[in-house]
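Peer 1: Give me the fold of what follows.
(one chain, ligands or ions: 1)
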Amino acid sequence: MYQDDTLMEKEFDWAQMRRLATYMKPYLKQIIPIIGTMMVIGAAAKLSVPFIIKHAIDDAIGGSNVALLYQLVGLVIGVFLIQWAANVFRIKYTNTIGQKIIYDIRHQLFSNIQRLSFHFFDKRPAGSVLVRVTNYVNSLQDLFTNGVVNLMIDIVQLTGIVAILLYWNFKLGLAVVITVPLMFIVSGQLRKRIRRAWQTVQMKQSRINSHLNEAIQGIKVTQAYTQEKANMSYFDGLNQDNKKQWDRASALNQSLGPIIEVTGAIGYCILFWYGATLIQAGEISVGLLVAFATYIGYFWEPINRMGQMYAQLLVAMASAERIFEFIDEQPSVKELPRAATLPPIQGAVSFESIVFEYEKGRPALRGISLDVAPGQSIALVGHTGSGKSTIINLLCRFYDPTEGRVLIDGHDIRGVTLQSLRSQVGIVLQDTFIFSGSIRDNIRFGRLDATDEDVERAAKAVHAHDFIMKLPNGYDTEVQERGSVLSMGQRQLLSFARALLADPRVLILDEATASIDTETELRIQEALKTLLQGRTSFIIAHRLSTIRHADNIVVLDHGSIMESGNHDELMAKQGIYYGLIQAQYKFLTDSESMNFA
Ligand SMILES: Nc1ncnc2c1ncn2[C@@H]1O[C@H](COP(=O)(O)OP(=O)(O)OP(=O)(O)O)[C@@H](O)[C@H]1O
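Peer 2: Numbers count the residues shown, from 1 in each chain. The predicted model follows:
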């Protein structure tokens, strides 16, 4: 169950709205005055029509003045043209401003998400993060493009109408206007239900999106385990749920219409009954009564829209709250305010009594101390969950240790900028991430200012050049996200080239576990030799060949170092390492004898 699933039952929150309004600030001077002017012109034009009608009935028709009537008809056409032009410009500028604001929000949101630490992503499924960047931001789009401006137009228009009605004839105006609060009282309960129903619809849609994201990312596992049917029925459930909610919300929404119409009709009844009395008493003219009726016609549309707008505002507010939560989220790994730049390093690394907990009370590392000289290669071995990746995570400062310090060339890595640290510590992950783009771009990811020659030199050094040249467009071959058209071994070689290009003094390598053919294995071993030369390296080692050549092998168990030394020393000791190696040999010889049987 995702965090986003909690129902957004919130009261109106001014603080949130004020914060949303600040996004309009940069545009206050340039665009908003134009929109404001257009809005006032449009509203004034619209509200002047009943005036003209009154004049036409009382003076032109009543006084049989045909020339005046023609003039007034011309005037009405002119006023409508003005109103149309004002609306066209207003909509144009409103859309521009709306898009700019949405751009700003997305920009801010993504730039903050990018700098958040691993802790944040550990707790949230990618789908739920995605939904915030797409759905929630989109739901603000309507508010900023039409919502706010429509609301202002409606307020201006309503205030204008009420003022005119009361000014023309206070008693008749009051009798008609009184129906508005009446309508709100009658429909209050229903409005609340409508609001909740739309909020539920939004929640169901987020759930579909989150699930879709997960389902597409895990499609290979689904197909491998032939779980398509089960997956489909789960998705169908979500889809059905969404449809049902939508139908319910829409039905509720429609039931509001008749209430408004009935109230409108009551308003007309009052107007014509009381108006006729006033005409008979000679207090008002027929033209005024018709003008009144026209104004009432204008009345209900903005009121209805404002009701819907309130619901839209609440949804926008709930979305904004979630967006702001991510915008305000601080990375758990923070740079000190006056963090120094880590000078070019030699590559000496020390772990000093490191204790680390991902979750409070469950230590993943329990007092690790390790000194590594520049240029040494360290193999980290141990059972699954023993803490190998955790050591690496701390060295890159993806997390900060709960206790103890990590030093590089004597500098506590908490005191230096993340950029200066990470640019000197390279990491090659087991599941190499290939971005969509060309092979060349993917290698260049290691150092963006590298020339094409640099890229090719790196690829040649790690023996990736040959297979790249065999691809349809060589270095310009486009690969899709995650590089699914490349084999495991090819992806590894690409990531070696990428790391070599970055040329870090300290290199971390999470060796791929996948078994690859002997030729690729040999090529990878050759590539590794080139890559590791002269660098301090930490290798989460799975291959015997890699482990054997390491200067120091660190054997971990349950977050503690159990043994360390080179291959010969540890074999002579006949301890845990000896047991691991024996087990691996036994596994390899067993599988070989099975292969050749
Ligand atoms: N993001 C996380 N949140 C909470 N606990 C975690 C997280 N990552 C790892 N752990 C826990 O920390 C411990 C050490 O995990 P770690 O990933 O360092 O093991 P490992 O030796 O690298 O294992 P493997 O060889 O399977 O990759 C494990 O008990 C694991 O359950």
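Peer 1: Around residue 585, how many other residues sit close by?
Peer 2: Residue 585 has 11 neighbouring residues, counting by other Cβ atoms under 10 Å. From N, CA and C alone the C-beta is placed, and that goes for glycine too.
Peer 1: And residue 504, which helix or strand is it part of?
Peer 2: Under the assignment given by DSSP states H and E, residue 504 is not contained in any helix or strand.
Peer 1: Which residue, other than its chain neighbours, is closest to it?
Peer 2: Residue nearest to residue 504 in three dimensions, not counting chain neighbours: residue 426, with 3.4 Å by Cβ to Cβ, 6 or more residues apart in numbering.
Peer 1: The one you found contacts residue 497, doesn't it?
Peer 2: No: counting by Cβ atoms under 8 Å, residue 426 sits too far from residue 497 to count as a contact (11.7 Å).
Peer 1: Settle it for me: which of these two has more neighbours?
Peer 2: Neighbour totals were compared for residue 426 and residue 497, and residue 497 leads with 29 against 24 (other Cβ under 10 Å).
Peer 1: Quick check: next helix or strand after the helix or strand encompassing that one?
Peer 2: Using DSSP H and E, residue 497 sits in helix 488-502. Where DSSP H and E defines the elements, the next helix or strand beyond helix 488-502 is strand 506-510.
Peer 1: Within its sheet, name the partner strands of that next one and how each one runs.
Peer 2: Strand 506-510 pairs in its sheet with strand 425-428 (parallel), strand 536-540 (parallel), by DSSP bridges.
Peer 1: Compare these and give me the one nearest residue 298.
Peer 2: When the strands paired with strand 506-510 are compared by Cβ to Cβ, strand 425-428 sits nearest residue 298, at 65.5 Å.
Peer 1: just checking, next helix/strand downstream of that closest one?
Peer 2: Counting by DSSP H and E, what follows strand 425-428 is strand 437-438.
Peer 1: how far out from the middle of the chain is that next one?
Peer 2: 24 Å (Cα atoms, centre = their mean, to the nearest Å).
Peer 1: neighbouring contacts of that strand?
Peer 2: Contacts to strand 437-438, defined as Cβ atoms under 8 Å, 6 or more residues apart in numbering, come from residues 473, 475-479.
Peer 1: Now for the closest residue to the ligand within the stretch 51-200 of the chain, how many residues are close by?
Peer 2: The stretch 51-200 of the chain approaches the ligand most closely through residue 122 (4.0 Å), counting by Cβ to the nearest ligand atom. Residue 122: 10 surrounding residues under other Cβ under 10 Å.
Peer 1: hang on, isn't it packed against residue 358?
Peer 2: Yes: in this structure, residue 122 is within contact of residue 358 by Cβ under 8 Å, at 7.1 Å.
Peer 1: immediately after the helix or strand containing residue 277, which helix or strand?
Peer 2: Take DSSP H and E as the rule and residue 277 turns out to sit in helix 228-280. Per DSSP H and E, the first helix or strand lying C-terminal to helix 228-280 is helix 286-328.
Peer 1: From the contact counts, what lies against that following helix?
Peer 2: If contacts are counted by 3 or more Cβ pairs under 8 Å, 6 or more residues apart in numbering; DSSP states H and E, helix 286-328 sits against helix 14-21, helix 32-55, helix 66-115, helix 137-142, helix 148-168, helix 170-177, helix 179-217, helix 228-280.
Peer 1: which strands and helices sit next to the last one?
Peer 2: For helix 228-280, the packing partners by 3+ Cβ pairs under 8 Å, 6+ apart come out as helix 170-177, helix 179-217, helix 286-328.
Peer 1: Check the fourth one too.
Peer 2: In this structure, helix 137-142 makes packing contacts with helix 66-115, helix 286-328, judged by 3+ Cβ pairs under 8 Å, 6+ apart.
Peer 1: Give me the residue ranges of the chain where confidence is low.
Peer 2: Applying pLDDT under 70 to the chain flags residues 1-12, 481-484, 512-518, 587-597.
Peer 1: Break it into its domains for me.
Peer 2: 11-328, 374-385+416-596 (automatic domain parsing).
Peer 1: Tell me the residues of the stretch 301-450 of the chain that contact the ligand?
Peer 2: Neighbours of the ligand within the stretch 301-450 of the chain, by Cβ under 6 Å from any ligand atom: 358-359, 364, 382, 384-390.
Peer 1: quick one on the thing from earlier: closest one to residue 401 among the domains of the chain?
Peer 2: Among these, domain 374-385+416-596 comes nearest to residue 401, with 12.0 Å by Cβ to Cβ.
Peer 1: mind checking how far the closest one is from the chain centre?
Peer 2: Relative to the centre of its chain, domain 374-385+416-596 is centred 32 Å away, using Cα atoms, centre = their mean.
Peer 1: cool, and stretch 65-85?
Peer 2: Distance, stretch centre to chain centre, for stretch 65-85: 51 Å (Cα atoms, centre = their mean).
Peer 1: Also stretch 336-347?
Peer 2: 32 Å.
Peer 1: need the contact list for the closest residue to residue 169 other than its chain neighbours.
Peer 2: Spatial nearest neighbour of residue 169, excluding adjacent residues (Cβ to Cβ, 6+ apart): residue 284 at 5.6 Å. Listed by Cβ under 8 Å, 6+ apart, the contact set of residue 284 reads 168-169, 172, 275, 278.
Peer 1: again with residue 411
Peer 2: Applying Cβ under 8 Å, 6+ apart, we find residue 411 in contact with 340, 342.
Peer 1: Contact residues of this protein facing the ligand?
Peer 2: Residues of the chain lying close to the ligand by Cβ under 6 Å from any ligand atom are 122, 358-359, 364, 382, 384-390.
Peer 1: let's go with 5 Å and repeat that
Peer 2: Residues of the chain lying close to the ligand (Cβ under 5 Å from any ligand atom) are 122, 358, 364, 384-390.
Peer 1: Do a quick rundown of the strands in the stretch 301-450 of the chain.
Peer 2: With strands called from DSSP state E, counting those that start in this stretch, the stretch 301-450 of the chain shows them at 349-359, 362-372, 377-382, 403-408, 411-412, 425-428, 437-438.
Peer 1: The residue nearest the centre of the chain in helix, strand or coil?
Peer 2: In the chain, the C-alpha closest to the average C-alpha coordinate belongs to residue 133, at a distance of 2.1 Å (Cα atoms, centre = their mean). Assigned by DSSP: H, G, I helix; E, B strand; the rest coil, the conformation of residue 133 is helix.
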